[in-house]
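A.B. asks: no sequence on this one, just coordinates:
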């Protein structure tokens, strides 16, 4: 078979299975088969780059990081809907429709997805552009990120000259929970809710990050279709389903009673949808009737959005228990008498922190009013004070960790109480995952899943135990084997020789990031010298503030920390700095990198500048000393020019760091002020 024919065949097979997997939830092949065929297509396209097309399955994830999003003016405005809040207002809407159009009026009733509205544009059956709603008329072009959503078809069976559809991008609840569980292991801030997570993901400048978030979409409206005519909204949705879009569930019915019954049914079954909903949408089905009704300055007259009120019910606080999270935060939880809310039985509610308990004055034995925040997380709204028993006493969180007994301390920048134990079992997964991460001890192959297996099989109890595990025990773990075990043991052994800065960062000391760890390692030279430092000695170092200094002293003086360090020393882990800055010629200066560099990645280029004493920032301000602009530099370059910040290109940058021939002094004069 000719390679062109094979490329077309592979695209057809992959697109078909992608549609069945992501839209119909009925895949025709295993993940491994799909991956092998996708790899074959990637190899063929690499050999024949002239055959690569924008709609190829391999082109869903762009390779370049964007500098920003361009604005996009919607040809057909993405209107918002007028909200209604009760059955009377629904009845009033239906009566208005009957009065204008005559009875009976047919409606489409659909769940209202709580996500981010977007428009998708196709030309001749090929996806060419996608944009956020914005203010309804002007949004942002997020085409590259929308391509990463696998349920959005890149090509359509019909090749209409132009087609524009509207949908709601969302993050499924199970994906949201999975991502938050991983972020907790990695010590990253948790996402607040699926809607915010979806919105933040779609606005990531790196499409690869957006792809990792596994966003999805429900298409709910046909905005424009050149070359096709339709009579009703339901007909357009059926057509869009035939074009392989994932279309919103909907029912067509007539009469106020039937409409309200469908609204109530959606509410009763809302937890059965994979996405969050915050209401139901009622639309006049006939497109010609919509033309008659028209729109106000703000809303179409032919549709309303019924917003579900949060369901509130009373419950009794049976107990308050304290859980220790993977980042060491103590979280109080109210144990409640069972109460049915939004389709599920609630038996507990988070109390967040001590400040929340004091503010609400929540006590064991209280009768409280409970609702689901965002229809997901149970929360206590208020205490019914006239039902408080005489024996109820104010509640105070413990002063020591309920898991390991180490002292707890309140965060300087918030209300959280945190366990200070370096070997606290509750924090074990997070601590070891961080210790092994790339920017810390860089133990290849020791990701969260492997760490979890090692902990569950009692092969490790802290980071020091990694250096005494045996390959035969690792090989017995699920999905490992002898070769993977040997590679892991080799990577663990290799990590012993890391620079001291990686160990300092890997310990997970609060307020000590990767850059601070490098500064500390270079300044003190040995771990013993760092451990002996006082708060005053630490704050005398540039970039180390009083809060960070106190966190370091507190951590290194704790008995659990000292035990961990002792065992790491005994295992042969390097405790000295080997990577001292070459010189400090750019000390006190701030550089910003933008655009695409050819010789180095941005991270590598930043490390080169840091080795010369510079600080590398992600944003341009009046305090920026110099901007290094590569190819396709965007908004950061424009801002530098507006502020009058000096700019150098990649060739000048390479001269500056000694990687290319030229006069480095002459380049420095472009941005470095002469000293008196």
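C.D. replies: Structure received. All figures in this text were calculated on a predicted structure; none of them were measured in a lab.

A.B. asks: List the neighbouring strands of the helix or strand containing residue 117 plus their orientation.
C.D. replies: Taking DSSP states H and E as the criterion, residue 117 maps to strand 116-123. Take DSSP bridges as the rule and strand 116-123 pairs in its sheet with strand 126-132 (antiparallel), strand 163-170 (antiparallel).

A.B. asks: how far away is residue 124 from residue 11?
C.D. replies: From residue 124 across to residue 11, the span is 17 Å (CB to CB, to the nearest Å). Every residue, glycine included, has its C-beta placed from N, CA and C.

A.B. asks: if you count what's nearby, which of these two comes out ahead?
C.D. replies: More neighbours surround residue 11 than the other of residue 124 and residue 11, with 20 against 13 (other CB atoms under 10 Å).

A.B. asks: For that one, what is the enclosing helix or strand?
C.D. replies: helix 3-22.

A.B. asks: Now do the helix or strand just after that helix: which elements does it pack against?
C.D. replies: Heading C-terminal from helix 3-22, the first helix or strand you meet, by DSSP H and E, is helix 31-47. Counting contacts by 3 or more CB pairs under 8 Å, 6 or more residues apart in numbering; DSSP states H and E, helix 31-47 packs against helix 3-22.

A.B. asks: Run the angle between the helix it packs on and helix 31-47 for me.
C.D. replies: Angle of helix 3-22 versus helix 31-47, following axes from the mean of the first three to the mean of the last three CA atoms, to 10 degrees, is 140 degrees.

A.B. asks: buried ones in the strand holding residue 117?
C.D. replies: Within strand 116-123, the residues that count as buried by 16 or more other CB atoms under 10 Å are 116, 117, 118, 119, 120, 121, 122.

A.B. asks: Check stretch 410-420 too.
C.D. replies: For stretch 410-420, by 16+ other CB under 10 Å, it's 416, 417, 418, 419, 420.

A.B. asks: which phi and psi does the second one have?
C.D. replies: Geometry field for residue 417 lists phi and psi as phi -100, psi 140, criterion degrees, to the nearest 10.

A.B. asks: List the residues that contact it.
C.D. replies: Residues counted as contacts of residue 417 (CB atoms under 8 Å, 6 or more residues apart in numbering) are 329, 330, 353, 354, 397, 408, 409, 410, 411.

A.B. asks: Model confidence for residue 629, exactly?
C.D. replies: With respect to pLDDT, residue 629 has a value of 92.

A.B. asks: Distance check, it against residue 79.
C.D. replies: 41 Å.

A.B. asks: who's more crowded, these two?
C.D. replies: Neighbour comparison, residue 629 and residue 79: the larger count goes to residue 629, with 24 against 18 (by other CB under 10 Å).

A.B. asks: domains for this structure, by residue range?
C.D. replies: What automatic domain parsing lists as the domains of the chain is 3-59, 82-307, 421-580, 590-668.

A.B. asks: What's the end-to-end length of the first one?
C.D. replies: The distance separating the two terminal residues of domain 3-59, taken as CA to CA, to the nearest Å, comes to 18 Å.

A.B. asks: same question, the second one
C.D. replies: Terminal residues of domain 82-307 lie 10 Å apart, using CA to CA.

A.B. asks: Now tabulate the domains of the chain in JSON lines and tack on distance to residue 69.
C.D. replies: Shown next, in JSON lines, are the domains of the chain (distance: least, CB to CB, whole Å):
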{"stretch": "domain 3-59", "distance to residue 69": "18"}
{"stretch": "domain 82-307", "distance to residue 69": "4"}
{"stretch": "domain 421-580", "distance to residue 69": "28"}
{"stretch": "domain 590-668", "distance to residue 69": "9"}
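
A.B. asks: so which of these comes closest to residue 349?
C.D. replies: Evaluated with CB to CB, those place domain 82-307 nearest to residue 349, the distance being 16.1 Å.

A.B. asks: For stretch 214-231, measure first residue to last.
C.D. replies: 35 Å.

A.B. asks: Show me what counts as buried in it.
C.D. replies: Counting neighbours by 16+ other CB under 10 Å, one finds that the buried residues in stretch 214-231 are 214, 215, 216, 217, 218, 219, 220, 221, 222, 223, 225.

A.B. asks: for the second one, what are its contacts?
C.D. replies: Contacts for residue 215 (CB under 8 Å, 6+ apart) come out as 148, 149, 169, 170, 171, 198, 201, 202.

A.B. asks: What is the nearest of the residues you listed to residue 16?
C.D. replies: Nearest member of these to residue 16, counting by CB to CB, is residue 149, at 17.6 Å.

A.B. asks: so residue 445 sits right up against residue 483, yeah?
C.D. replies: No. Residue 445 is beyond contact range of residue 483, at 10.8 Å (criterion: CB atoms under 8 Å).

A.B. asks: More neighbours: which of those two?
C.D. replies: Higher neighbour count among residue 445 and residue 483: residue 445, with 16 against 10, using other CB under 10 Å.

A.B. asks: What distance do you get for the closest residue in space to residue 61 that isn't next to it in sequence to residue 151?
C.D. replies: Counting by CB to CB, 6 or more residues apart in numbering, residue 61 lies nearest to residue 211, which is 4.9 Å off, once chain neighbours are set aside. According to CB to CB, residue 211 and residue 151 sit 13 Å apart.

A.B. asks: Would you mind listing the outside residues contacting the helix or strand harbouring residue 280?
C.D. replies: Using DSSP H and E, residue 280 falls within strand 277-284. Here strand 277-284 makes contact (CB under 8 Å, 6+ apart) with 81, 83, 90, 93, 97, 101, 105-114, 220, 233, 259, 262-263, 266-267, 270, 290, 293, 302-308, 375.

A.B. asks: now with 6 Å?
C.D. replies: Strand 277-284 is contacted from outside by 107-114, 233, 259, 263, 266, 270, 290, 302-308, using CB atoms under 6 Å, 6 or more residues apart in numbering.

A.B. asks: and if you look at stretch 378-398?
C.D. replies: Against stretch 378-398 from outside (CB under 6 Å, 6+ apart): 320, 330, 346, 349, 354, 357, 361, 363, 365-373, 417.

A.B. asks: got the contact list for residue 210?
C.D. replies: With contact set as CB under 6 Å, 6+ apart, residue 210 has these partners: 145, 148, 201, 204.

A.B. asks: Low-confidence stretches in the stretch 251-400 of the chain?
C.D. replies: Within the stretch 251-400 of the chain, the segments meeting pLDDT under 70 span 342-343, 373-376.

A.B. asks: Assumed residue 651 was part of a helix.
C.D. replies: Yes. Assessed by DSSP: H, G, I helix; E, B strand; the rest coil, residue 651 belongs to a helix.

A.B. asks: Please name the nearest non-neighbouring residue to it.
C.D. replies: The shortest distance from residue 651 to any non-neighbouring residue, by CB to CB, 6+ apart, is to residue 660 (6.5 Å).

A.B. asks: For residue 391, see how far away that neighbour is.
C.D. replies: 78 Å.

A.B. asks: For residue 480, give its distance to residue 466.
C.D. replies: 15 Å.

A.B. asks: buried ones in stretch 605-616?
C.D. replies: Of the residues in stretch 605-616, 605, 606, 608, 609, 610, 611, 612, 613, 614, 615, 616 count as buried by neighbour count, 16+ other CB under 10 Å.

A.B. asks: hmm, who's touching that stretch?
C.D. replies: Stretch 605-616 has contacts (CB under 6 Å, 6+ apart) with 581, 582, 584, 585, 586, 587, 589, 590, 591, 593, 597, 657.

A.B. asks: I'd like these as JSON lines, with pLDDT and secondary structure appended.
C.D. replies: Below are the contacts of stretch 605-616 laid out as JSON lines (pLDDT from 0 to 100; DSSP: H, G, I helix; E, B strand; the rest coil):
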{"residue": "581", "pLDDT": "52", "secondary structure": "coil"}
{"residue": "582", "pLDDT": "53", "secondary structure": "coil"}
{"residue": "584", "pLDDT": "73", "secondary structure": "coil"}
{"residue": "585", "pLDDT": "81", "secondary structure": "coil"}
{"residue": "586", "pLDDT": "86", "secondary structure": "coil"}
{"residue": "587", "pLDDT": "80", "secondary structure": "coil"}
{"residue": "589", "pLDDT": "89", "secondary structure": "coil"}
{"residue": "590", "pLDDT": "92", "secondary structure": "strand"}
{"residue": "591", "pLDDT": "95", "secondary structure": "strand"}
{"residue": "593", "pLDDT": "94", "secondary structure": "strand"}
{"residue": "597", "pLDDT": "88", "secondary structure": "coil"}
{"residue": "657", "pLDDT": "86", "secondary structure": "coil"}
